[in-house]
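J.: predicted coordinates and the sequence they were generated for:
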Amino acid sequence: MKNQKKLIIITGPSGVGKGTVVKEILSKDKNIWLSISATTREPRKGENEGKNYYFLNQEKFKEMIKQNLFLEWAQFAGNYYGTPLSSVNERIKKGFTVLLEIEVEGAKQIKEKFPDSLSIFLLPPNKAELERRIRNRGTEKEEAIKKRLLRANYEISASNQFDFELTNHNVDETANRIIKLIK
Ligand code: 5GP
């Protein structure tokens, strides 16, 4: 891929606030485009097809894997998630900076394939705060929360494998720091 430097990965544990920070970045910089992922997870209340995710069944997702239609994909807390290849390539060609908001395994795959991409790991102020954020979101059942918290420990232990580690104390401040890193 040409212009790998235009590929920005934001990763970190579930509940750290990646989505909120990304929204803030998009509102501050119109030249940044967020990749919409595909997932086999059920839509949450208020989530829309093609806006939050492309919601696919497992069969369709696995078919796309077979056909090499993902830039990366991973399993997370019992579901599949993946970045569609074609739209990312298209946006990079058009000169956009492309943001990927993905979990750690996918982020590692991207960093291996595109070493010149910029990868940022968001850390919570502490683990209790992470748990509080996941619970307050109110979007997952207890079982899913437990899976995500367990996974968070593993994900945080991989934080030093990325270009930058930022602690997300405050959305606005974190978004500004990331925009600075991109520039
Ligand atoms: P959620 O179910 O909370 O929307 O997402 C669960 C996790 O999957 C989050 O850490 C999110 O960043 C990650 N994720 C979302 N899309 C993708 C993707 O396309 N690829 C990978 N590897 N992870 C993703």
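T.: In hand now; what should we look at? Residues are numbered from 1 along each chain as shown.

J.: from now on I want contacts and neighbour counts done on CA atoms only, so please keep to that.
T.: Fine.

J.: all the strands of the protein, residue numbers only.
T.: Taking DSSP state E, the strands of the chain run over residues 7-11, 32-34, 37-39, 53-55, 70-76, 79-84, 97-101, 118-123, 164-167.

J.: how about CSV for the ones you listed, with mean neighbour count added?
T.: Formatted as CSV, the strands of the chain follow (neighbours: other Cα atoms under 10 Å):
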stretch, mean neighbour count
strand 7-11, 25
strand 32-34, 19
strand 37-39, 23
strand 53-55, 20
strand 70-76, 18
strand 79-84, 21
strand 97-101, 22
strand 118-123, 24
strand 164-167, 15
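
J.: with distance to residue 91 added, can I get those strands in JSON lines?
T.: Listed next are those as JSON lines, based on distance: least, Cα to Cα, whole Å:
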{"stretch": "strand 7-11", "distance to residue 91": "10"}
{"stretch": "strand 32-34", "distance to residue 91": "8"}
{"stretch": "strand 37-39", "distance to residue 91": "14"}
{"stretch": "strand 53-55", "distance to residue 91": "17"}
{"stretch": "strand 70-76", "distance to residue 91": "14"}
{"stretch": "strand 79-84", "distance to residue 91": "12"}
{"stretch": "strand 97-101", "distance to residue 91": "7"}
{"stretch": "strand 118-123", "distance to residue 91": "16"}
{"stretch": "strand 164-167", "distance to residue 91": "24"}
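
J.: now these as TSV including mean pLDDT and distance to the ligand?
T.: Below are these laid out as TSV (pLDDT from 0 to 100; distance: least, Cα to the nearest ligand atom, whole Å):
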stretch	mean pLDDT	distance to the ligand
strand 7-11	97	6
strand 32-34	96	11
strand 37-39	98	4
strand 53-55	98	8
strand 70-76	97	5
strand 79-84	98	3
strand 97-101	97	5
strand 118-123	98	11
strand 164-167	98	16
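
J.: so the residue lying closest to residue 76 once chain neighbours are set aside versus residue 29, what's the distance?
T.: Excluding its sequence neighbours, the residue lying closest to residue 76 (Cα to Cα, 6 or more residues apart in numbering) is residue 103, at 7.7 Å. From residue 103 across to residue 29, the span is 23 Å (Cα to Cα, to the nearest Å).

J.: same check on residue 2?
T.: For residue 2, the distance to residue 29 - Cα to Cα - is 22 Å.
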